[in-house]
Each structure stands twice: as structure tokens, then as C-alpha cells.
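1. Generate a structure from the sequence data that follows.
(chains A, B, C, D and E)
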Amino acid sequence: MLMTIAPDNLKNLLDKLARDRLLVAPSMEDGVTRLKPVHSAAEIAFDYSNTATSIKDFLFPQSEDLLRFVTDGTLSIEEIKPERAQVAFGLRPCDLASVALMDKVLLGGEFSDAHYQTRRNNTLLIGLACENPADTCFCTTYGYNPGWAGAADVMLYKDGDKYLAEALTDKGRELVGGPGEGLFKPADEAAGEAVKKAYAEKDVPFGKEVDVQGIDKILDGFFYDQYWDDISKKCIGCGTCTYVCPTCHCFLLTDEARGGQGLRFRCWDSCMFANYTKMASGANPRPTKKERVRQRFMHKLNYYPNRYGGSYLCTGCGRCVAMCPVGLHIAGVIKDVKGVKAHA
Amino acid sequence: MKYAYYPGCSLHSTATEYEETTRTVCATLGVELAEIPDWNCCGATSAHATNHLLSLALPARDLAKAEQMGLDVVAPCAACYNRMAQTIHETKDNEVLRHKVSQVIGAEYQGTVKAKSLLEVLAADIGPKVVEAKVQKPLKGLKVAAYYGCLLVRPPAVTGWDDAENPQSMERLMTALGAETVDWSHKTECCGASLTISRTDIVAKLTHDILDAAKAAGADAIVCACPMCQANLDGRQGLVEKTYKTQYHLPVFYFTQLMSLAFGKEPYKLGFARHSIDPRELLHSKEIA
Amino acid sequence: MRRVGVFVCWCGSNIAGMVDIEQVKAAAAKMPNVVYVEDNKYTCSEPGQAAIQKAIKEQNLDRVVVAACSPRMHENTFRRTVSGAGLNAYLLEIANIREHCSWVHPDKAAGTKKAVDLVRRAVYKVAKNVPLQRASIDVTKKALVIGGGIAGIQAALDIADAGQPVVIVEKTPSIGGHMAQLDKTFPTLDCSACILTPKMVDAAQNQNITLMTWSEVEKVEGYIGNFTVTIRKKARHIDTTKCTGCGICWSKCPAKLPSEFDLGLGQRKAIYVPFPQAIPNKPVIDEKNCIYFKTGKCKACQIFCPAGAIAFDQKDELIEEKFGAIIVATGYEQWDPSPYGEYGYGRYKDVITGLEFERLVNASGPTEGKIKRPSDGKIPKDVVIIQCVGSRDEAKGIPYCSKTCCMYSAKHAILLDEKIHAHPYVFYMDVRTPGKGYEEFYKRATEEHHATYIRGRVSKVYQKGDKLVCLGEDTLLGKKVAVEADMVILASAMVHQPAASKLAQTLGISYDQNHFYTEAHAKLRPVETNTAGIFLAGACQGPKDIPETVAQASAAASKAIGLLSKAKLETEPLVAQVNEGICSGCLWCKPICPYKAIDGKVIKERIAGGKTIERTVASVNASLCQGCGACTVACRTGAMNVLGFTNEHILAEVDALCL
Amino acid sequence: MSVNEKAAQAAGAATGPSTVAAATPAPEGWEPKIIGFACNWCTYAGADLAGTSRIQYPPNIRVIRVPCSGRINPQFVVRAFQRGADGVLVAGCHPGDCHYSTGNYFARRRYLLATRFIEYLGVEPERLEVRWISGSEGQKFADTVRELTEKIRALGPQRRLRETL
Amino acid sequence: MSAIFTDHQAALRDEVRKLLTDGTIKGFIGYARGRDSYHPAPAIVTRPDQVDGLILDQFCIFGLTKYLLDYIFEDGKMGIVAKGCDSLALQRLITDHRVSRDKVHVIGLPCAGVINAEKVAQLGLGNVQKVTDKGASFLVEGDKGSRELAKTEYLWDKCLWCEHHNPAVADSKLGPEVENVAMKPRDYSDIEAMENLPPAEKAAYWTRQFSRCIRCYACRNVCPACNCRECVFDIADPRWVGNTVKLSEQQMFHFTRAWHVAGRCVDCGECERVCPMELPLMKLQHKLQKDIVKLFGNPKPFEPSEVEVLGQFRATEDPEEFM
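-> Got it, this is the predicted structure:
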């Protein structure tokens, strides 16, 4: 069912939500708009193309305490559960799409990641369709679009002086019926669908430039190509691409103990770091930038679709395009590889 | 070459012959002198015995004015020069003191200009070579004892432009003029200037020693670069001769007088008549004037 | 998992009175790795130490913490204790719960809490301790003495007497130094030559001593026990194996020059021995002034030499030799007092320095011991001596007291009276006579020899007729004085050798702002330098008189003997160590080391892909390193560490104390 | 701290409170915790002398012995603050007295810079004290510790760099 | 005098082609087109056929010298193009004994300033076609419009106070040297303003900044002074800085990084420029610089010298505050 909500009511709703849960929303601080916890709607930036950091920070945080232990002669363990309810507002379609990709890894299959599961359950995702895709955006490459709702519980579309809203899950409907009661108004379905369609068909210029079709198959035979040598030379081995990526999910488990008190936590790791695969013996199966760069793109464009069926581990959010200090990003690699192949 | 000119009280009163010949010599050598407007007493020799800050503030006011003119200062009087150099030296690396001094004089003193004695300018900056080229009437046969007194080259940390114990710059100038100089022991001894009125007994002793040494070294005359020294050595010679029952009859020249003479200026314009010991007789005898 | 034993000491009631021992024990028992806790009344006592040894064995302890007094007190004691029980001595840590706790904190509860923290610090630290071994290095059993003055001669004789070979390198043609120039010595007035020359002869004849005169140290490499020194043996142009020292050559040489030894007051030839008692008594040819070398003609010396010892074609030789220890005894120079224009030194011939006076009064000097004025040869009647010429005058760049001038001026006063009945006037600032018999000697000068001591500075010396008028002030009377003297002696300062800093750089030792060499510790290591194996003797370290110089020379010699008497040198293991694996080879640690213990070295390494590469890493010479650790902070990556005080240690201690 | 900030921390998110925590009052029974780094030859000996002379001072300091002030890496200081120290004392021989002749000169340069830098990051300058204390200055050691303890007591607990495990 | 990089592009390609062909160098580190005309990317070419991909334009800011570390153990020389600021970075690597001068062939690029692409990209000029030097400004012509941009407003800050317009290290130079004057004096007034804040406000400021850090290490990896073989942050034992993004570790990280380059920073500003979270990292370095200037009388601590600022001392002249 489509509804509308006036901007002031939306702000009221967000303020209300902030009272009993962590409200995460785009907010500008020192010139950087990113998803961050905010106290009230007043801190929220409503006019932005995309946030510097993604929803990953709140579903799969950069560092996350898992359990505490005491080794005072005895051993006792206390699990830490991320039980705090959170609501994330202003998620763009690319991030909403990324959640589905992350779900496949962390919740699909035989085992599920308990912490991720808990956060996923405790988090309400409010999406906001893109009015002005940035020139680094290429979601359409993967079949997503500026109106893509993905994993959203509630999806919002800016429509003139109000927002078109659609509750897509039970959680979403609870919001509309609960805290949102009286703030939403029913919308004209036909007009609403037209708005949604307009968003879905919005032009994403960079997306048109990047055609991913069939790259997984091309890469099957591309492992030893000279190309990796050539492009990896300019990588500086920082973790920017992996840390701003909404779908990169490698992590490292660490125990720290002092004075009989200990903490196990995990934090993100990056396959771009030289010591990512370094073993205790000192051996490193990915000793040079070439292996590391290759790994990242093979993972996103070949290993992941092979393992999880179909979709690529990238949603075209464009963060790595914008932020890689040396312009080494997935859109370029796709273009290159297909170009290289075409000339081969 | 242009300087802010600080005449001090003597050059406008008791030592007009020094001022006149200073201007003559400077004009000849292309040194332009712009007198500091509304200059005040340098404070020598009593201020520094009275109040330290006062002794710095008095010259500082003159220096501040020179700063406004954007010129280094030249002072023909050794005492004036010494007070100025002392002020610059003490305030150079002492911002606090400089600030204090500025407050006292009610104007900002930054310490950007130098103070030089006239002798330093003529002997070091211009140099004997240039001087020699201007000589028209060499002072042949004149044997002089160059007398610097105590304030011109001492203390070395403050002055520093000539050897403090055995300075040579005036000798070099005199040689350039064609005169002969004597090597003598008392060229930097004190003449007792500051006591010239109050303790004539001491002045008599000190001047006696100097005159005695100059005479013993075979000098015909003494040449000096300070109105105080000149006044004492020349003006008190009578007293000395009376007290010690000796006869010296040593004329005491300003070095600028001898320079003017050598540059061909007419002797009657050089103020010799104002001397107590009339030098004209000596100059005639040497066929210089 | 370590097995740490904690031993808490009562120190009688010193600790137990203010710290609850039971609480400390209980807390310690819960600390990680701690398997055994015990308390003792006096842990340092025989039974206390035995208890530790027993526990190590019975409890199979591999680390020990002693909570007791300061480690500065008993660390070595307990290191011996644990090593006596078969444990490496460095697997011990001390918790200082006495000086830092029970003695200073009257609140027992707070004191106990702190004691627990201090024990925890030690427990955390000791867990990171690893066994350390003292390394040993060989010692070359030979000493080098640089400088053949009294300091060098004395040091060499002492070392030679102890049975060790010594080489003396002396830059002038003869050993003897300044002492050979002196006439009499204070406070006994015995003749300098009479006591020096026998020592010079001893040095020349001692089987263990090799004299290398007319030679200079060119290069020093290596480190304690193992110095490699390159010595330049300057061309003497004499075949010393043939020369008998008969003296015919210098009597025939036509070139006359001012004698350095007589400070220009006398003359020498172009082929010369500097003074009659020179050792070796073999001449050198002064190439610069020899007529043959200048014009290619003359050869008078060669013509007359009965031994055929003249060798014009001799060249400088570079000799490389190994030494275990080096003693620097390069002495001083007398300061040239020309900067005191008011004293007229250089202008008035009869204004002379103290050292010049020594030559005038010396029987083998230019006047054959007759004190005559240099200007006209007259015997002076009144002589002014001015003390502190240069010394204690910052304006002249010599802020220090030269220490010897008060005494030699008194000596000069005495000699003037004794020899020619001249009247000495001594202008002084203070008379400093701290030495055995020194005050008495000064009294003799004033009382028996009627020297007039005037407290004040001389402001001017000037010539008046054939007199030198000394104007000054008697500050005790508050009056100006003028002394008409026939001669003026300036007690000029003792200053460093002109090439002192250059030699310091060659040796790698430091020097102070006055260019005197710096001892390792002003109070406790006065004859050592910061470079292990290099010692100081005599005035090169600071102004000294003869007895002090000789004492220091013997002290330096005993240090050298101690070093040379060891078969191997044990090095302290608490030194810096490089983790070559992570060292970048930037070598920013190198300039920080005061001991020059760090240098780069090239290592070979296999990298990914199987290629072998060469790279530079820092390398610490453990025999030079003293373990200060200043280098570690310059190392960003943490490749540089100090054993016993590693980054791991200190971080663990911080963790332990912050809990 | 607001609900949201607490929540943010609990969520482990990379967010710090944007308000200042220093206003929080010191907990009951809080005692300043001071870590001292002392060179073996001077300051440690000076502290020993305070002991042998029975000069009393507050028990809030715990000393770590290092060979020389030149060994004291400013990172140790920041680590101490991180681990919860309320104050840090860095101490060594007087200039010119270094057992290793130059270590304290390097330390002086490092700490002239580091004290300013740590202050710049928002740590109250009173919390880091650098002092030359010789082996004969037992009284100075005690006085320094007393003054430092009092200054830190007045400031309250150090929260700026402190971690939560 | 024109100091437009594009004017030298053809010459650069010719020279690189020649150097690669005659074997003087085995690879060349330069720039190629990046994602758009404002963002040239580093490019490392090893074959003559790649040379035509090299570009030079007024947006070429990236300091390339750090790439040299990838080649220190390989035979042969690498070529590199370096502006004045880059040459300081190169000197840094050389004085740190990390790169050997004789293994680098430097093509120097005299530079009158690099345009801040982030500012210009906002102006909607489209694809940049041409940049012309107009003295006090650059004329930037794009396919959607052109603008004359005042240098004082549109250059990178570091270019405004730059006193190293001409490369200090170079084997050859592209174009004539440019006048070596700073457009404005280096000033530390922002640092002073920060110093004057009360501790709580300083703390609040840095808390906000450091909280944003994602520990991607781009700052470290681009920094020519961060050239350790193994970085302290990558060493597990001892662990100086934990790898969580808790505030206290973030602060320890940024303190340590700043401290490690104290007195060694060449002021290239690359750390701050590449930071994806736009942390004001140069505010840390400028503070250290400012204090070094004041405390140790070293007027230009950002110029690499034979002895590090913290690797020396002046026994009597250094300030004494710890008595």
C-alpha cells in the first residue's frame, strides 16, 4: 500500500524513533556526509547523493565486541549481544541491494552469523530513492536502479513537496501503524506507481558506460592475464575500497586480555593489505599487489556469483570509484576486462 | 652615502671648529649629513651614573628619530657615539628593555639603525685610499700622536670597529694625509673629561700623563676625535704646565681640521684661532700653513 | 605459560611494618604466570637467598620476582642467587616495595595497594624476560699512548711494568712534552729535567715500550679490545738505525731558525734535536727550512755525518697496528696572550709568558739560565707577574681557571728573588693553592722572598724609557698603582692543543666547549671516555699540574692494564639489538648513539619469488653499546630494542600498572 | 552521555560522542593514577633517596625504571593514558648529567615537542609532567609527585585518551 | 611564462619512449587519465606501447615517489615525473636510505601550482579541454563552459605557500624553471587558533575527527615519510596500536602516525588529500612543524636534511622547560 508523508511528519517520526533506539541517518559533519548516529532529525542531511559510508557500518560494524571472558584462575565467558534496536534512515538503493548480498553470505547456507542476524533483526531499514544519481553511480549496471527498494522495510521516494512511502515488510508496516500512526496518509496508487516507475527508469549515465554482462565467464579464464600485473602496479595497498564498500565483509578475530579480563572482538580486514594473508610462518600466498588486486575483483565478479548464484558482489554505489586515491576501481576493471577480451 | 647627523651639544657650542671641518670633510668625500630634527642630549656623561633607563632612553629617542629617517647615525663626539652604541648594544637582544625604552620616550624604538663615530665612517667606511686621493696639500713633516680617548673604541663589545687597546684607524688616516704618526702608550687613556670642572686636580694629572707620553714619543701635536678630549688636552694645558712646572706647547687638533687642511682648505677657515694652544705657529714652521 | 615465583621480603619491619605482606602475597598468587609465592624476613640474607634457590628447584620456577628494596641495591645479589640455582641471571625482576613504597607511604592500606601494583609490574615484566648471555670478545694485548709528555710517559711506564706492550706516539721529534721545557717544579723546587729525564730514559729502554716520535695518529677504527690504528710516521730523513746522535750534523747545518722548544727565544738548525736531553737523541730534518730541500744544494749534514745516516729520500710511512686500549695524553698549549692588547705582548719584547720565563731561567735554555731581558740582555730588577692572563676571562673565551698559574707564578717569584734578587710584584685575582704543600709554598714566596702580591688587575702596560709601566689597581687598598718594571711575566692560560677536536673526531671521543676531552663521568669515571677502551691522562682533559697529571696517568694506565689483563672481555648483555627482519635501514638511529655503536650492514635475504636481495640494516656493536636506548625511540617500526628494557617490557609494565 | 551515544558505543560503531565527556564527575573513592618513567641513574636513584630519607609523598605514583630518559618513547606516555593513567611523569638526569652523556638532550627535544602535541590533542597539559630530577634530589622527587598528584586530583580522572576494554 | 603541464605532455611521452627504448629505465611512473578529466590517476608503464596513455595536465597532484619503494630490489632504473613538492618527497626517501638516487631517473616538472580538482569539478564545466595560465589565474575551458579561476582560490593550499616550484632533484626538466616565490606566506594561524582552545574543546574537535577515521591506512600508504619496511601498525607483537576503531585506538593511531613523521614530513599534504573521510591530518603536521620552527630554530623542517630534527640537539640553545 502506498502512502505519503510530509517532510515535517517524517522528521517528527524520526525524532520519535530516536528516543528509544539508535537512529542512523545521513548527516554532514566537517564536509563529509555519512551514515552516523544522530540525536534528532535536525542533524539529518536530506539533500545528498550518497553517503561516504554505508549501512554495513551498522549491520556489520567495523569492530564488534563478541564476548568477554575472565581468567582469574577460573574461566567464565559472557557473550555480548547487540540487542539495541536501531533504525537506519536514508538508505540508497545501492545499500539496500547490498544488504541482500550480505545476507547471502552471513545468513544463507548452513551457518548464520549470530551477531549479524541479531543486528539485522533489530534494525529497521528506511530507504530513500535517488533523485540525482552521482556521476560515479552505476547501480543500473547490475540491474538495480535509483528506485530499487531491495532490503528496505520502508521505502521513501521524494515526490515534489512530500515523500511517497511504501512499507515492504512486517517491520515496515509496524512502523507505519505504530510510531508512524497518523503521520502517513494514503496515496493515490496510480500516481504513486508512476513516481516509482520514474525513479526506476531514472538515467544513471555512468551505469550505461559499464556493462557487466558475462564478465563472470570471461574471468574464468583470466586469472593469469598480464592485465593484473599492469593495473595492480598503481594500487597503494590501502583499504579504502574495501572499507567503504557496502559488500566487502572480511574480518579478523582478536582476543585481548589484561589483568584477567579479556575481550574477543572482530574487526574488518582488507584483502588489499599486504599482511592480510600473511601466515604465522611469514609465508604469504598473496605476496604482491598483483595477487591482492586480482583477488578482490575476482571475488566480486567471479567467485561470488559462482558460489551464490548470479549476482555480483557489487551494487554500483560508486564509493570506490570516488574514493580510491589512484582511480583503481571496479567499474574501470569491468570496462577494461571486457575491452581486453574484445581485443584478445 | 647619507647619514643622520647627530652633532650633540659640543659641536654646536664649544667645538664649532669641529663641526665646520666635519661638514667640510664630509662634503669633500661625498658623505651627506642630514641633521636629526629636534635631537636631544645624549645623556653623557651624567645620565648613566644617575639612572640606567634614562641613560638608554635619551640616545634612544635620537635613534628612533633616525629610524624614521631611515638612516644610520653618525656622531662626531666620542661620548655621544658611545652612548648611542651602548644603547643599541644593550637593547639589541632584549625586547623587553627595548619596549620599556619605547615607553619612556613615547615613540617606538625598534633598534634598526646603527650608530657610527665620524672617525669610523671616514677611516673604515670611506677609507684612507679615498682620502689620500683627495689630498692636495700633504702634511709633510708633521708628527702627530693620534689620541682616541677612552670612549671611541671601548668597550670592544660595544664599539668593535678598531682594536680597543692599540687602535690604528686614525694613524692610517693621518698617514694618508702625509703626516707622520708616533707609536705611543697613552692613546686610549682617559683625559678626565667628565671631571673637567669639578676635579681639576685629577684632570691635570690625567692630561699631564697623556701630554707627557705624547711629547716623549716625539709628537709635534696631538690629533683627536672628540670635543671633550680636545677641550681638556688643549684647554687645560696651561693648568698642567703650571701644576707640573713643565712646558709642552702641544697643539691639539681635530682630525677633521687636519683633513680639511690637507684637502687644500684655507687654514683661516679651520678655526685654529679658537684653540688655546695656537697651532698656526707649528703649521707655519712645517710649511704646511 | 611461565612459572614465576614471587618472593616478598619483610626487610624486618622496614617493609612489613608499612605493607601488609599477606595481602601482597594473596594478590601475587592470582597474577598470571605466578605459581609460587613466599615471604622472608630478610630475602637478601643467606637463608633468604637459599629459600629462593630451593624454590626454584623444587617448584621448577623459570622466572623470579623479588619484592624487596631498590634494584639499585640488590639486583646483582639476586641475579647471582638465581643463577646459583641454575636459572639465567636475567630471568629476575625486582619490585621496589621499600624505597618506593614502605618508606615513603605512611598509609598502610594505600602502601599495600601500591606494593601489589609494583609486584604486578614486575610479574608482567619478568614474563617477557628472556635468558641473556654475556658475550665475550678478544683483547689485543697492546696499548697505545698518544702523546709523549709526562702523562704519556707515566702511563706507558705503568702499563709496561705490568708486562703489557705499549706504543707511545709523539708528534714532535722527542718525548718529554712541556715538562721538559720547565725549569723547577713546585712546590719542592726540584729541577724538572732531573725528575723527568730518568723517566724518559726508562721509557726508551723499557722492552715493553715502543717509541714512535715524529709520528701522528691518522685513523682509528674498531672498538674496545680491538682498535686498528693507522699511525703516520713522518719522514725524519735520518736512518735511525745508523745515527749515533753525535751532533756533528746540526753543528754543521747552516740554516738557523727560531727554536720551538725555546719558544723562539733561542735558535736551532734545520737538522736538529729539540733539546739536548731529547729522546730519542736523533735529529730530524725540517723539510720546510732545510736548504737542500729548498734549493737542492747544501747537504752539509750528509757530507759530515760519520755514520752515513742522512736519508733525504725518506718518505712518510703509514703503519697500521692493533691495540686493545688507547690512552690519550696529548696535553695542552700555552695560550698566546696577544688578545690582551693592553699588556703589549708581542709589542714589548720584555713582556713574556710564564713558559718563556721557564726557558729564560733554565740552565739549558737560550740564556743558559741567566735571567736576562730579551730586549737588551739586562738583568731585571723589578718584575711584574700578572696572573689569570686569559683564564677566568669569558671575554677572552677562557671561562675556566687554569689551575697551575698561581703556583708557577709563586715559583717564578721565588726564582726571581733567589737567582737575581729581583723584586717580584704579583697581580692576582685570587690565589688558589689547594694542594699538598702549596699554601706553604705561596707563603714562602711572600714571606721569605718578599714578593709583593697586589690584589687587582693590570689595566695597562706601557713603555716609558726602558721601563714597562704597569698600571693597575690594588683593590684591597682601593688605590690605583703603577709599577715600573723591567720585565713583565704573563701567567697565561693553559688551553687545548690546536688539533684537539680533530683528534677527538678521529678517536670518536667527545670534547667540551673548551676543547678539553670529556671524561665519561665528571665524578665517577674521570679517566674514561664515553668510548669504551679509550682513556684520558693529563691536561688534554683539563688544566692540571704535574702531580695531578701523573696521578691521572697512572689511573688511566691501571684502567688499561685491567682491560689488557683479561683474556676475553665480557660484554653486558643489556644492550641494543636490531630486529633485522623489520629494520628499514633508514639509520636514523645512528646519529643518536653517543658511543658510535650503530652502523649499517648489508644482509642478504630471499624474497617472494625466490630472488635473493641485499639490503642495509642497522647493526649494533654490542661491545660499544652501553644500553641507553635513546636509539629505540628514533626507530619508528620498533626494530631497535634494548634487551632488558624492550618495548614489549615497557608496554607490559604500563599495562600492569594501569590495571 | 545521551541514550543515542551510549547506544552508538554499544553498537560498536565508529562514532564518538560529539559532546565532551570531561564534565563527568569523578567516581566515589577515585584516586589519581600516575605512571612515572624514571631513568635508572638519576630519577630512580632520586626516588630511592626519597625512600632512604623517609620523605613522604602521595602513593599515587608507580615508577617504571628505564635506563635513560632517552629511552622513554612518547608512545609509552600515550599508551599509559590510553590504559587509564590519569597522569604521567617523565623524568631523567639534568642536562649535562646524563649517564650516557646525551640521552636526556634527545629526550628534551622529543618532549618539548610531544608535550605540546599531546596537549594539542586535547589532553590537559598538567597531566604530563617532564622533570629533571637528579640522584640527590629526593626532596624534589617527592615534591614533584605531590604537586602532580594534587594537580591531577583537581582535574579529575583522565578520560580523553582512556580506552574501554 | 607558461607552466601549463599539458604543454609538456608530448615532450614527456617522447622522453619516456626514448628512455624505455634505449633501456635507460625499465619502467616509468607517471599519470594517465582517471575516471574523468579532473582526476588523473597514477600510471606505471613498462612498454613503449603504453606511453601514449601517459598524460600531464594541471590536475596532476598525486605524489608518485612512494611507488619507487616497489622497485628497490629490482634491477635497473625507474623513471618518474616529479614536481617541486614531489622532489622533496623523493629527497625524503633518499635521506631515509630507502631509495637510491642512482636507481631513479627523474624528469622534473617545474610547477606554478596544481588546480584543486575537487573545487573545479563542482563548477559544471564538463570535460576539461584546455587550461591556460593567465598569471594570477587559470583559464579552464571545458565542453560545458569555461571559467577563469583565481589561483589564490583554486590551487591546492600547499601550492599557495609553496617555495619549491622547481624540482630539487631532476635528471632532466620539462620546460623552463618557474619563478620560485610563494603566493602567500605559510601561516599557522589555524593552528594557533586551535592551540588557544580550552582542552575540552580541543578534545571535542579531535574526537569528532578521529571518530570518522575508517583505518584504511590510505594516509600512511601515500605518505613518503611513512616508508618503513614494516609499519608499526602492522606488527602484532608488540601491538602498539590496536586494530579496533574504538576512539582510544584511533587516537593512538593518529598520534603515533603524526609523531613518526614529526620533523620528517615534507608537507606534501597527500595524507589529507587522499583521506576518504576528509580528516584534517595536516593540522597535526602543521602543529608539529610550527613547534619545531619555534623550539629548535629550524625554519624549514619540511625540507629533508642530513640529520633529523629529533636526531640532534643543541645542548645550550634548546629551550629548557623541565628544570
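2. Which of the helices and strands in chain D ranks last by mean pLDDT?
-> Of all regular secondary-structure elements in chain D, judged by mean pLDDT, DSSP states H and E, the least confident is helix D:3-10 with a mean of 41.
3. How about residue E:161, nearest residue that isn't a chain neighbour?
-> If you skip the residues right next to it in sequence, residue E:161 has residue E:186 as its closest partner in space, 4.0 Å away by Cβ to Cβ, 6 or more residues apart in numbering or on different chains. Bear in mind the C-beta positions are built from the backbone N, C-alpha and C, glycine included.
4. Wait, that neighbour touches residue E:164, no?
-> No - here residue E:186 lies out of contact with residue E:164, judged by Cβ atoms under 8 Å, at a distance of 11.8 Å.
5. which stretches of chain E form helices?
-> In chain E, the helices defined using DSSP state H lie at E:9-21, E:84-95, E:117-120, E:151-154, E:157-160, E:189-195, E:199-212, E:218-222, E:247-260, E:270-274, E:282-296.
6. TSV for the ones you listed, including mean neighbour count and distance to residue B:241?
-> Shown next, in TSV, are these (neighbours: other Cβ atoms under 10 Å in any protein chain shown; distance: least, Cβ to Cβ, whole Å):
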stretch	mean neighbour count	distance to residue B:241
helix E:9-21	17	91
helix E:84-95	24	77
helix E:117-120	18	90
helix E:151-154	16	79
helix E:157-160	19	77
helix E:189-195	13	72
helix E:199-212	21	81
helix E:218-222	25	89
helix E:247-260	23	81
helix E:270-274	23	86
helix E:282-296	21	65
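7. Tabulate those helices (TSV), appending distance to chain C.
-> Below are the helices of chain E laid out as TSV (distance: least, Cβ to the nearest Cβ, whole Å):
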stretch	distance to chain C
helix E:9-21	23
helix E:84-95	8
helix E:117-120	31
helix E:151-154	36
helix E:157-160	24
helix E:189-195	23
helix E:199-212	20
helix E:218-222	11
helix E:247-260	4
helix E:270-274	15
helix E:282-296	14
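8. what's the closest of the ones you listed to chain B?
-> Proximity to chain B (Cβ to the nearest Cβ) singles out helix E:282-296 among the helices of chain E, at 15.3 Å.
9. coming back round to it: same drill for residue E:186 and residue E:164, tell me which one is more crowded.
-> Counting neighbours by other Cβ atoms under 10 Å in any protein chain shown for residue E:186 and for residue E:164 shows that residue E:164 has the greater number, 21 against 18.
10. can I see the domain layout of chain A?
-> As recorded under automatic domain parsing, the domains making up chain A are A:2-203, A:215-342.
11. what's the closest of those domains to residue E:133?
-> Nearest to residue E:133 among the domains of chain A is domain A:215-342 (25.5 Å), distances taken as Cβ to Cβ.
12. got a list of what the residue of chain E found nearest chain A touches?
-> As assessed by Cβ to the nearest Cβ, chain A sits closest to residue E:41 within chain E, at 3.1 Å. Contact criterion Cβ atoms under 8 Å, 6 or more residues apart in numbering or on different chains gives A:234, A:326, A:327, A:328, E:31, E:32, E:33, E:34, E:35, E:62 as the residues in contact with residue E:41.
13. Can you tell me how far the first one is from chain E?
-> Computed as Cβ to the nearest Cβ, to the nearest Å, the residue A:234 to chain E distance reads 4 Å.
14. I'd guessed that residue sits against residue A:328; true?
-> Yes - the pair residue A:234 / residue A:328 is scored as a contact, 5.9 Å apart, by Cβ under 8 Å.
15. Read off the pLDDT value for the residue of chain C found nearest chain B.
-> Closest to chain B within chain C is residue C:341: 2.5 Å, counting by Cβ to the nearest Cβ. As predicted, residue C:341 sits at a pLDDT of 87.
16. Quick check: closest non-adjacent residue to residue E:263.
-> Nearest one to residue E:263, counting by Cβ to Cβ, 6+ apart, is residue E:309 at 3.3 Å.
17. before we move on, back to that, turn the buried ones among the contacts of residue E:41 into a named PyMOL selection, would you?
-> One line in PyMOL is enough to select the buried members of those, burial here meaning 16 or more other Cβ atoms under 10 Å in any protein chain shown:
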select buried, (chain A and resi 234+326+327+328) or (chain E and resi 31+32+34+35+62)
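18. Would you format the contacts of residue E:41 as a markdown table with pLDDT and distance to residue B:134 included?
-> What follows is the contacts of residue E:41, written out as a markdown table (pLDDT from 0 to 100; distance: Cβ to Cβ, whole Å):
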| residue | pLDDT | distance to residue B:134 |
| --- | --- | --- |
| A:234 | 95 | 75 |
| A:326 | 95 | 74 |
| A:327 | 93 | 76 |
| A:328 | 94 | 79 |
| E:31 | 97 | 68 |
| E:32 | 95 | 73 |
| E:33 | 92 | 74 |
| E:34 | 90 | 74 |
| E:35 | 88 | 78 |
| E:62 | 96 | 67 |
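19. Please look at the residue nearest to residue E:263 and residue E:293 and confirm they touch.
-> No - at 9.9 Å, residue E:309 does not count as touching residue E:293 under the criterion of Cβ under 8 Å.
20. Identify the contacts common to these two.
-> Jointly contacting residue E:309 and residue E:293 under the rule Cβ under 8 Å, 6+ apart are residue E:301.
21. Model confidence score at residue 259, please.
-> Let's take chain A. Among the per-residue scores, residue A:259 holds a pLDDT of 79.
22. sorry, should have said chain C
-> 95.
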